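*Asks:* turn this into a model:
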Amino acid sequence: MTFGFGALGVPSPALFAGLLVGTVLALLGRAPKAVPQPATTGAQAVIGVVIGLIAQSDTLAAVARGWLPVLGIGLATLLASMGAGLLMGVQRGVSPLTGLLALTAGGASGLVAISRELGGDERVVAVVQYLRVGLVTATMPVVATLAFGAQHSPPGGEAAATAPWYLGLGVLAFCCAVGIPLGVLTRVPAGALLGPMVVALALALTGWSFGSTPPSPVVDVAYAVIGWQAGVRFTRESLRTVARVLPLAIGLVVVIIGACAALGVALSHLTGATLLEGYLATTPGGIYAVLATAISAGTNVTFVVAMQVLRVVLMLLIAPLVARLAGRRWGTTGAD
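*Replies:* Next comes the predicted model:
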């Protein structure tokens with residue numbers, strides 16, 4: 001299936017194949033309940049290393065120079081998802097607080113984990129959050145290909161064809177061995193991705209990466225794991241739990257995706273990024289799938305990851321405060 005999607009020119013074909021297979025098996029009741037944590041951590045780390053090794057210093061400087069539109073658009077994408085979440089509160093049996101937590105983009109697992117503590121219905125939050133991630137992940141390669149002309153290209157460009165595979169494997173192992181514990185110690189969001197990415201970035205900017213990149217088969221396995229992780233969430237039981245909210249939730253997710261795509265167009269005009277880079281930078285969630293698609297399509301991954309990480313940081317700063325304010329004003333309404 002991966003080879004088939006690759007032949008069609010779909011970016012990150014392994015990720016799309018993993019998502020599709022995982023979803024089908026989950027709906028048939030034949031998929032595991034979750035991907036083992038070591039597999040998820042390893043996949044995130046591989047993607048982080050790929051990003052770090054292809055980052056360029058001039059790109060980081062360009063992002064810093066355009067900090068005002070980058071910050072403004074990043075905040076606007078977050079507010080768009082939060083506004084849609086509050087609108088979900090019109091659904092009978094769903095409080096505005098639960099809707100806010102369910103549709104805010106930027107860290108699905110973290111929002112699910114704190115939803116009960118903040119007073120939301122964790123069942124609705126969990127299903128709608130992973131529905132959002134699944135829809136974004138599923139539509140992203142299609143939109144990137146049909147609307148923005150994205151084409152699959154080998155990760156790492158020319159370096160992948162010239163550097164020995166064992167050198168790339170060694171650099172990958174080093175970045176993971178140092179970066180994963182670093183992410184755990186610093187307790188940053190998405191630490192399994194950001195820790196190895198920072199180590200790889202340091203090696204790339206100092207020349208100690210020697211132009212290497214992780215072997216393509218390893219990267220494809222990482223993409224497949226990320227897709228599988230999103231797919232196995234869609235069990236029949238989980239969907240039945242909150243079936244009555246799904247039509248509204250799906251409609252709002254589509255609205256969020258469209259609004260963020262429009263913001264991506266604005267971002268491209270304000271910063272000089274391509275339309276594809278603007279779209280990927282503002283996509284509301286599924287950060288690992290976004291980065292996999294950006295890498296696969298040969299875009300400016302540093303720019304995309306900077307925008308995506310900025311939105312996650314803004315979410316961590318703003319969402320809990322807004323959720324508490326919403327809880328005080330509207331209280332909670334169970335989904336029972």
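
*Asks:* what's the spacing between the residue nearest the centre of the chain and residue 28?
*Replies:* What sits nearest the mean C-alpha location of the chain, by Cα atoms, centre = their mean, is residue 287, with 1.3 Å. With distances taken as Cβ to Cβ, to the nearest Å, residue 287 is found 28 Å from residue 28. The way it works is simple: take the backbone N, C-alpha and C, and place the C-beta from them, glycine included.

*Asks:* same question, residue 199
*Replies:* Computed as Cβ to Cβ, the residue 199 to residue 28 distance reads 40 Å.

*Asks:* tell me which of the two has more neighbours.
*Replies:* Regarding residue 199 and residue 28, a neighbour count based on other Cβ atoms under 10 Å identifies residue 199 as having more, with 24 against 10.

*Asks:* list the contacts of that one.
*Replies:* The contact partners of residue 199, taken as Cβ atoms under 8 Å, 6 or more residues apart in numbering, are 49, 52, 174-175, 178-179, 182.

*Asks:* could those go into TSV alongside distance to residue 85, secondary structure and neighbour count?
*Replies:* Listed next are the contacts of residue 199 as TSV, based on distance: Cβ to Cβ, whole Å; DSSP: H, G, I helix; E, B strand; the rest coil; neighbours: other Cβ atoms under 10 Å:
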residue	distance to residue 85	secondary structure	neighbour count
49	33	helix	34
52	33	helix	27
174	41	helix	17
175	36	helix	29
178	38	helix	17
179	33	helix	26
182	33	helix	17
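
*Asks:* nearest to residue 133, of the residues you listed?
*Replies:* The shortest approach to residue 133 among these belongs to residue 49, at 22.3 Å (Cβ to Cβ).

*Asks:* what's near enough to touch that closest one?
*Replies:* With contacts defined as Cβ under 8 Å, 6+ apart, residue 49 is in contact with 171-172, 175-176, 179, 196-197, 199-200, 214.

*Asks:* how about the residues you listed in TSV, adding distance to residue 261?
*Replies:* Below are those laid out as TSV (distance: Cβ to Cβ, whole Å):
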residue	distance to residue 261
171	35
172	33
175	33
176	33
179	32
196	29
197	25
199	33
200	29
214	30
